[in-house]
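**Student:** Return a 3D structure for these sequence lines:
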Amino acid sequence: MTTTSGRPARSGPAEAPEATDPADSPERDAPSGVDAAALCDQAQDLAENGHLKRSAKLYEQAVAANPRPAVQARALLGLAVVQDQRGDAQASRAAARRALATGDARYAPRAAYHLALSLEQDGELTEAERVWERLLDLGAPDYTAVAHYGLARAAEARGDAAGAQDDWERALALPPEPEPIGRLHAATVVEAARDLAGRLLEQGMPGAAAAAVERGLSVADDPGLRLLRAAAHLEHAIADLGAVVEPPADDREGSLPEPGTSGAAVELLAGLLALRGEPEAAERVWHAGLADRDPETADAVHRRLRRAIAPPSAEAGEAEEGEEAAEPWWDRYLEEAVATSSAPVLAGELFAVVTQMHALLAVPVAEGESRPAALRAAMEEALRTPSGLVWGADVHADFRRRLRAAMGGEDVLPEGWPEQG
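**Tutor:** Presented below is the predicted three-dimensional model:
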């Protein structure tokens with residue numbers, strides 16, 4: 001259900017890591033005499049204002065100054081991010097690899113994160129998995145959940161759902177109370193919960209999906225997670241209603257549901273199946289209920305089917321005195337439209353026909369047409385408007401019936417009217 005449809009090219013928290021940390025303080029001890037930390041500050045400002053080429057140049061100058069490792073790692077990460085924004089994936093990855101190689105406690109994990117996401121985006125999943133493992137080995141607490149989430153996706157991509165289970169569990173793990181959860185960790189738990197829940201729903205495991213959703217909602221009140229929880233409840237409801245409409249084989253010898261219960265279950269099940277995007281399954285549920293061997297159950301289903309249909313007007317079913325009122329000719333089309341979830345299609349056809357008939361009749365009126373032959377031609381063309389539709393023949397037959405009744409039983413219309421004659 002899907003509810004839910006495909007994952008973004010880059011999984012994990014959507015934003016790439018920033019080139020610099022907000023907590024960074026200027027470091028000004030570049031041996032070459034070039035203030036590499038100041039260059040990084042300037043490069044970051046330029047990048048934030050859209051001057052990516054100039055920003056990349058300053059980051060390159062900072063790297064070339066060969067500052068101490070922390071500043072070198074910062075400059076390389078900044079260069080990786082800016083080159084990625086410029087669309088130069090190869091240059092971005094080269095800088096990220098160099099930043100990762102520094103092993104810096106602050107910038108190496110961020111470089112690994114950036115590099116792994118970039119590789120994933122281009123489908124280089126094997127190397128991306130190695131980078132996720134490297135990120136895990138760095139031991140950065142803030143990135144533990146990120147690394148496990150990446151490894152879970154890598155295992156799923158290999159078709160190893162069983163092997164992914166441990167990484168999914170670790171990606172969704174929360175710190176022990178009362179230890180606070182970091183912003184990146186929280187964002188990862190929410191995204192991983194959405195991802196896992198969607199996969200589990202696709203695999204027909206709504207219970208497990210709901211459990212994953214609750215893990216994410218314990219961190220943040222996310223609309224996407226609430227939608228997935230609703231989808232999981234929908235699957236449970238479909239299963240419960242299906243057991244009422246068609247009890248399991250081992251329960252069929254027991255007591256059958258009351259007709260009213262069966263009718264309500266059919267209506268709800270068909271509606272939920274249509275909501276899930278399965279109108280054909282919904283139609284089968286309706287028709288099976290209408291054909292139930294128990295007349296009372298079939299009647300209860302029929303009453304439920306007609307709840308969405310307005311009762312016919314007195315004129316629609318008019319009959320001669322002493323005769324039973326005729327069922328409106330359109331009733332069966334309305335019932336079928338409800339059963340097949342195609343009422344909007346039928347309504348669209350009706351509006352199109354009314355619009356076309358109105359235009360055919362309105363033009364001669366607006367033009368002041370007075371020639372009888374031209375007016376008759378316009379009216380005949382308007383009458384033929386619905387003929388090509390499924391229900392067109394019935395509307396013509398209904399007029400013939402009414403006219404015959406008004407003429408005392410005499411059929412005054414020619415055969416094939418209005419197409420012929």
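
**Student:** how close does residue 400 sit to residue 388?
**Tutor:** 18 Å (C-beta to C-beta, to the nearest Å). Glycine gets a C-beta too; all of them are placed from N, C-alpha and C.

**Student:** higher neighbour count, these two?
**Tutor:** residue 400 (15 against 9; other C-beta atoms under 10 Å).

**Student:** The more buried one reaches residue 417, doesn't it?
**Tutor:** Yes. Using C-beta atoms under 8 Å, residue 400 makes contact with residue 417 at a distance of 7.3 Å.

**Student:** Show me where this protein dips below the pLDDT cut-off.
**Tutor:** Within the chain, the stretches with pLDDT under 70 are 1-34, 249-254, 312-326, 421.

**Student:** repeat that with 50
**Tutor:** Filtered on pLDDT under 50, the chain yields the residue ranges 1-17, 19-33, 320, 322.

**Student:** Domain-wise, how is it divided?
**Tutor:** Split into domains by automatic domain parsing, the chain comes to 36-173+182-216, 342-406.

**Student:** Quick one: the strands in this protein, in order.
**Tutor:** Counting by DSSP state E, the chain has no strands at all.

**Student:** List the buried residues in stretch 352-366.
**Tutor:** For stretch 352-366, burial by neighbour count (16 or more other C-beta atoms under 10 Å) applies to 353, 357, 360, 364.

**Student:** ok, residues contacting that stretch?
**Tutor:** Residues from elsewhere that reach stretch 352-366, judged by C-beta atoms under 8 Å, 6 or more residues apart in numbering: 374-375, 378-379, 381-382, 385-386, 389.

**Student:** chain center to that stretch, what's the gap?
**Tutor:** The offset between the C-alpha centroid of stretch 352-366 and the centroid of the whole chain comes to 40 Å, using C-alpha atoms, centre = their mean, to the nearest Å.

**Student:** for stretch 133-145, same thing?
**Tutor:** Using C-alpha atoms, centre = their mean, the distance from the centre of stretch 133-145 to the centre of the chain it belongs to is 32 Å.

**Student:** circling back: determine which stretch of the domains of the chain is the most buried.
**Tutor:** Across the domains of the chain, averaging neighbours per residue (mean count of other C-beta atoms under 10 Å) puts domain 36-173+182-216 on top, at a mean of 20.

**Student:** okay, now residue 408: neighbour count?
**Tutor:** Here the count is done by other C-beta under 10 Å, and residue 408 has 6 residues near it.

**Student:** ok, it - contacts?
**Tutor:** With contacts defined as C-beta under 8 Å, 6+ apart, residue 408 is in contact with no residue.

**Student:** Correct me if wrong: residue 412 contacts residue 406.
**Tutor:** No. With contact taken as C-beta under 8 Å, residue 412 and residue 406 are classed as non-touching, separated by 9.5 Å.

**Student:** Which parts of the stretch 251-400 of the chain are helices?
**Tutor:** Along the stretch 251-400 of the chain, the stretches classed as helices by DSSP state H, counting those that start in this stretch are 259-275, 279-290, 295-305, 331-339, 343-366, 372-383, 392-406.
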